[in-house]
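[1] Give me coordinates for this.
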Amino acid sequence: MRLLRASNDATKNVLYRLKRKKRIQEILKGKYLFVPARAGIEGQWTEDVYLVLSKIMKPDYYVGFWTALNYWGMTEQIPNTVFVAITSRARDFEFGSQKIKFITLAKNRFTGLISQQTKWGEFNISSKEKTIIDCLLFPQYCGGLTEAAKALWNARKELNWNLLLGLIEKIGVGTPRRRLGFLLEQLNLQEDVQRRLQEPLKGFAWADPSRQKKVLAYDKKWGLKVNVDKQALTHWMET
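    Purely as a prediction, here's the structure:
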């Protein structure tokens, strides 16, 4: 309204007409995007979604979870949804053909983000180490524990393990520690890291909360109710 220098009613009328003509799209309450003229009469366009996020969400956001796995080359899967971590609630929305899904994190978990440069500008994304932790914290937003296992394997030579362990300590949640130790053991990776992850445990957590809650085994070492076939975690290594 300040930009248009018009009354509330006049501004609402302008916005209404622009929306009917598909010249703007409301992406968050009170926040609109102009559809470039080059998009044509159908009102569709292909602007980079990361740039959009950097303009409407800054600074407290980062692209993460399954989207970050793909960005960092830790999975070959291309998710249709762009997952975005934030510290306050926001409505999911669609940008062109892509769905933007917001995951609200507690402030102590909102860490490990870095800035990446594109030809359109900068955007925030979780580091490789924080991407792994987020996938262990919320496997349901990363394709499940099998995708997390694949990501660990693909990034095994690139991860800063000291940084990763430091982030686990910082967020202060036990389940990523348990799931990481469990997966490293299944993948025969980083025995030293496995030893550093071990600690006295109380109770059992689900290995993969995105799957059916059916106990196949109890892993006492890592304090997990295993509800995923262990062979399924590594079957992709045989293909």
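[2] hey, let's count contacts and neighbours off CA atoms from now on
    Noted.
[3] quick one: K12 from K19, how far?
    Distance, K12 to K19, by CA to CA, to the nearest Å: 10 Å.
[4] Also E169?
    Shown here: E169 relative to K19, a distance of 47 Å by CA to CA.
[5] Among these two, which residue is more densely surrounded?
    K19 (16 against 12; other CA atoms under 10 Å).
[6] Report the secondary structure state of that one.
    Following DSSP: H, G, I helix; E, B strand; the rest coil, K19 is assigned to helix.
[7] so what pLDDT did it get?
    Per-residue confidence (pLDDT) for K19: 72.
[8] what does L136 give?
    In this model, L136 carries a pLDDT of 97.
[9] D60 too?
    Looking at D60, its pLDDT stands at 86.
[10] Could you pull up the contacting residues of the residue minimising distance to the centre of the chain?
    By CA atoms, centre = their mean, the chain has its centre lying nearest to F65, at 2.2 Å. Counting by CA atoms under 8 Å, 6 or more residues apart in numbering, F65 makes contact with F83, V84, T131, D134, C135, Y141, C142.
[11] got any ranges where this structure has weak pLDDT?
    Applying pLDDT under 70 to the chain picks out residues 1-9, 22-48, 58, 239.
[12] hey, where'd the strands end up in it?
    24-28, 31-34, 61-63, 81-86, 93-95, 98-104, 113-118, 121-126, 205-206, 217-219, 224-226 (DSSP state E).
[13] Redo those strands as TSV? Include distance to L233 and mean neighbour count.
    Shown next, in TSV, are the strands of the chain (distance: least, CA to CA, whole Å; neighbours: other CA atoms under 10 Å):
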stretch	distance to L233	mean neighbour count
strand 24-28	37	17
strand 31-34	42	13
strand 61-63	25	27
strand 81-86	23	22
strand 93-95	32	16
strand 98-104	25	18
strand 113-118	27	13
strand 121-126	24	21
strand 205-206	15	20
strand 217-219	14	15
strand 224-226	11	21
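[14] With distance to R195 as extra columns, can I get those strands in JSON lines?
    Formatted as JSON lines, the strands of the chain follow (distance: least, CA to CA, whole Å):
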{"stretch": "strand 24-28", "distance to R195": "46"}
{"stretch": "strand 31-34", "distance to R195": "49"}
{"stretch": "strand 61-63", "distance to R195": "31"}
{"stretch": "strand 81-86", "distance to R195": "30"}
{"stretch": "strand 93-95", "distance to R195": "43"}
{"stretch": "strand 98-104", "distance to R195": "31"}
{"stretch": "strand 113-118", "distance to R195": "27"}
{"stretch": "strand 121-126", "distance to R195": "26"}
{"stretch": "strand 205-206", "distance to R195": "19"}
{"stretch": "strand 217-219", "distance to R195": "16"}
{"stretch": "strand 224-226", "distance to R195": "17"}
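[15] Tell me, how many residues neighbour G143?
    18.
[16] Now do it against K21, distance only.
    Look at G143 and K21: by CA to CA, they are 38 Å apart.
[17] do the same with W161
    Counting by CA to CA, the gap from W161 to K21 is 52 Å.
[18] just N70 next, same as before
    In terms of CA to CA, N70 sits 35 Å off from K21.
[19] out of the two, which sits in the more crowded spot?
    More crowded of N70 and K21, by other CA under 10 Å: N70, with 17 against 13.
[20] Which residues are in contact with the more buried one?
    Residues near N70 by CA under 8 Å, 6+ apart: E76, Q77, I78, P79.
[21] Many thanks, I have nothing further to ask.
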